[in-house]
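>>> Fold the following and give me the result.
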Amino acid sequence: MCKLIPGNQKHLTLDNRVYIEKSLDNNMPFSEIAKYICKDPSTISKEVRKHRILNPRNDFINFNHCTDRRDCKLRNVCNRSIPCKKQCSSCIECNAHCIKFVVEVCSTILKYPYVCNGCPKKVQCRLDKYFYKAVTSNKEYKTILVESRNGINISEVDLKLMDSIVSPLILQGQSPYQIVQSHPEIKCTEKTIYNYIASGALSVKNLDLPRKVKYKLRKLHPSEINDKGIFEGRSYKDFLSYIQAYPDSNVVEMDTVVGCEGSHKVFLTLFFRNCKLMLIYLLPDKTTTSVKKVFDRLEEKISTLGFCKTFPVILTDRGGEFLKPDELETGIDNVIRTSIYYCDPMASWQKPGIEKNHEFIRYVLPKGSTFDTLTQWDVTKLASHINSTARASLNGLAPIKLAQMLLDNNAVYAFGLREIPPNDIILTPELLKK
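Numbers count the residues shown, from 1 in each chain. Below you'll find the predicted structure:
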């Protein structure tokens, strides 16, 4: 570690890798990158070399990869019976037959910076190129992190010794806890023995444990989070930092509303903070696929640019239907159309606008109501009545009126809402019975 750089002894994060990628794009030296993220320059060098991505040369455009092809005068290196009159350097089979063939390699990938991110000739270059990509590097890092910890952390000799002690006693009806207590030479916990048995490392199996076979496997709740790495850079703290940097951004809160037990259909709600307009969409189920279809339909109606302007930042909770941000953020043409951030666990107060606005839905559809009999036409009708209701917080204006002033006109038209006259607004269950 360089003594001039204070280290933090932590692994590189996605933010660090994004900074490295941008710095390489600008040809910044490793020493300057290292100073910024408090790492040794050798750490940056190892990171780049380990995770760089090969972009192979195009053999169709340039078939001769020899470093001497421009000055080579050799002929008939393939030793054909009928000698060829043209120079071998112009032959497609030259590299395969020539014993003097030396592949041409750019010096940029052999020494600093080891990648072509900031090379001004990378577009015209026909050689093998390497690039450093932050997102890909971070995924490779996480994969290595997991795979390096797979398996059991014990030597073969110690495992055989443990098996000779544990397996016979298990077959005698003893529990792993009893075995650990009576055999101090076993240097592991009761839980470790259970894990070894479950993984097949020992001679006995789960069927040999009398109580193990009685327990049912826990069901994985669809909203349980398997990959907590998705919240990196998307937490509520990151959201506040973004809003501080871009205070004029149009923030949209997102949530779902469920019906009674057994009801399959759910509501997807989108609430605009600046005008309190709430969109409601009927989903066939509570999945990411259904949410993405709504996003895609909106993008088709208002264009990708219109979607970016109307929904630049979305704040939502950690429900299972929202836990694939890459799918939701990426548009129809693989263009990033929005940025999604997540509230902290059990912190619905961090998106108060949409939580409060859900009360209007419950005026018409009290808790315990089923959504399965509804259509999107019914839901749009409900949204029109809710958004036509004047609010004291808007100085007597209705959200739909304010939306027409603050949002893009094409977007407001695409939402399919209509303004309801004040005397015709109904916010009781009678609304959807007509």
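
>>> if we look at the helix of greatest length in the chain, which residues are touching it?
The single longest helix within the chain, with elements called by DSSP state H, is helix 288-310. Helix 288-310 has contacts (Cβ atoms under 8 Å, 6 or more residues apart in numbering) with 250, 252, 268, 281, 283-284, 311, 320-324, 327-328, 331-333, 335, 337-338, 407-408, 410-411, 414. Any C-beta I mention is one placed from the backbone N, CA and C, and that applies to glycine too.

>>> Of those residues, keep whichever come out buried.
Using 16 or more other Cβ atoms under 10 Å as the burial test, the contacts of helix 288-310 include 250, 252, 268, 281, 283, 311, 320-324, 328, 331, 337-338, 407-408, 411, 414 as buried.

>>> Give me the subset of those residues lying in strands.
Applying DSSP state E to these, the entries found in strands are V252, L268, Y281, L283.

>>> hang on, the earlier thing: the buried ones among the contacts of helix 288-310 in helices, which ones?
Per DSSP H, the buried ones among the contacts of helix 288-310 map to helices at L328, A411, A414.

>>> Closest to A403 out of those?
A411 (8.7 Å; Cβ to Cβ).

>>> will you turn the ones in helices among the buried ones among the contacts of helix 288-310 into TSV that also has distance to K46 and pLDDT?
TSV is the format used below for these (distance: Cβ to Cβ, whole Å; pLDDT from 0 to 100):
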residue	distance to K46	pLDDT
L328	34	93
A411	48	90
A414	50	90
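
>>> of these, closest to L394?
Of those, the one sitting nearest to L394 (Cβ to Cβ) turns out to be A411, at 18.9 Å.

>>> low-confidence ranges in this structure?
Scanning the chain for pLDDT under 70 picks out 1-8, 59-63, 81-82, 213-214, 217-228, 434.

>>> Pick out the residue nearest the middle of it.
D326 (4.6 Å; Cα atoms, centre = their mean).

>>> contact partners of the host helix or strand of it?
Taking DSSP states H and E as the criterion, D326 maps to helix 325-329. For helix 325-329, the external contacting residues (Cβ under 8 Å, 6+ apart) are 230, 234, 288, 291-292, 295, 314, 322, 336-340.

>>> Can you show me the strands along this protein?
Under DSSP E, the chain gives strands at 53-55, 129-131, 251-258, 266-272, 278-283, 313-316, 339-342.

>>> by how many degrees do the fifth one and strand 251-258 diverge?
Spelled out, that is strand 278-283. Strand 278-283 and strand 251-258 are oriented at 40 degrees to each other (axes from the mean of the first three to the mean of the last three Cα atoms, to 10 degrees).

>>> Neighbouring strands of strand 278-283 in the sheet, and parallel or not?
Strand partners for strand 278-283, identified by DSSP bridges, are recorded as strand 266-272 (antiparallel).

>>> tell me the angle the partner strand makes with helix 288-310.
Here the directions of strand 266-272 and helix 288-310 differ by 10 degrees (the same axes, to 10 degrees).

>>> ok now strand 266-272, how far from the chain's centre?
Strand 266-272 sits 22 Å away from the centroid of its parent chain (Cα atoms, centre = their mean, to the nearest Å).

>>> List the buried residues of that strand.
Here strand 266-272 shows V266, F267, L268, T269, L270, F271, F272 as buried, counting by 16+ other Cβ under 10 Å.

>>> so the fourth one makes contact with D255?
Yes: taking Cβ atoms under 8 Å as the definition, T269 is a contact partner of D255 at 5.2 Å.

>>> who touches both of the two?
Common neighbours of T269 and D255 (Cβ under 8 Å, 6+ apart) are I354, H358.

>>> on that earlier part again, how about the ones in strands among the buried ones among the contacts of helix 288-310, which pair is most distant?
V252 and L283, at 17.0 Å, using Cβ to Cβ across these.

>>> re the thing from before, quick one: the residue nearest to the centre of the chain from A201, how far?
Distance, D326 to A201, using Cβ to Cβ, to the nearest Å: 36 Å.

>>> likewise S303?
57 Å.

>>> Then I53?
37 Å.

>>> Would you map the helices across the stretch 1-150 of the chain?
For the stretch 1-150 of the chain, the helices defined by DSSP state H, counting those that start in this stretch occupy 14-25, 30-37, 41-51, 94-97, 134-147.

>>> For these, give me TSV that also has distance to H65.
Formatted as TSV, these follow (distance: least, Cβ to Cβ, whole Å):
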stretch	distance to H65
helix 14-25	25
helix 30-37	29
helix 41-51	22
helix 94-97	6
helix 134-147	26
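
>>> mind giving me a markdown table with the ones you listed and columns for mean neighbour count and distance to D238?
Putting the helices of the stretch 1-150 of the chain into a markdown table (neighbours: other Cβ atoms under 10 Å; distance: least, Cβ to Cβ, whole Å) gives the following:
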| stretch | mean neighbour count | distance to D238 |
| --- | --- | --- |
| helix 14-25 | 19 | 10 |
| helix 30-37 | 17 | 18 |
| helix 41-51 | 17 | 23 |
| helix 94-97 | 16 | 51 |
| helix 134-147 | 14 | 16 |
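
>>> of all those helices, which lies closest to H183?
helix 134-147 (32.1 Å).

>>> Tell me what angle that closest one forms with helix 41-51.
Using the same axes, to 10 degrees: helix 134-147 against helix 41-51 is 90 degrees.

>>> what packs against helix 134-147?
helix 14-25, helix 41-51 (3 or more Cβ pairs under 8 Å, 6 or more residues apart in numbering; DSSP states H and E).

>>> out of those helices, nearest to E359?
Proximity to E359, assessed across these by Cβ to Cβ, is greatest for helix 14-25 (38.2 Å).

>>> list the contacts for V135?
Neighbours of V135 in contact, by Cβ under 8 Å, 6+ apart: L14, R17.

>>> now D285
By Cβ under 8 Å, 6+ apart, the neighbours of D285 are H264, K265, V266.

>>> and what of L279?
With Cβ under 8 Å, 6+ apart as the criterion, the residues that contact L279 are T269, L270, F271, A383, F415, L417.

>>> and which of those residues is nearest R70?
After measuring the contacts of L279 against R70 - Cβ to Cβ - the closest member comes out as L270, at 60.7 Å.

>>> I'd like the distance between the closest one and I314.
Counting by Cβ to Cβ - L270 and I314 are separated by 8 Å.

>>> Once you drop chain neighbours, what's closest to V18?
Leaving out its chain neighbours, the residue that sits closest to V18 by Cβ to Cβ, 6 or more residues apart in numbering is A134, at 4.4 Å.

>>> Touching, the one you found and I20? I think so.
Yes: A134 lies in contact with I20 (Cβ under 8 Å); the separation is 6.8 Å.

>>> on that earlier part again, H97 is nearest to which of the strands of the chain?
strand 53-55 (25.7 Å).
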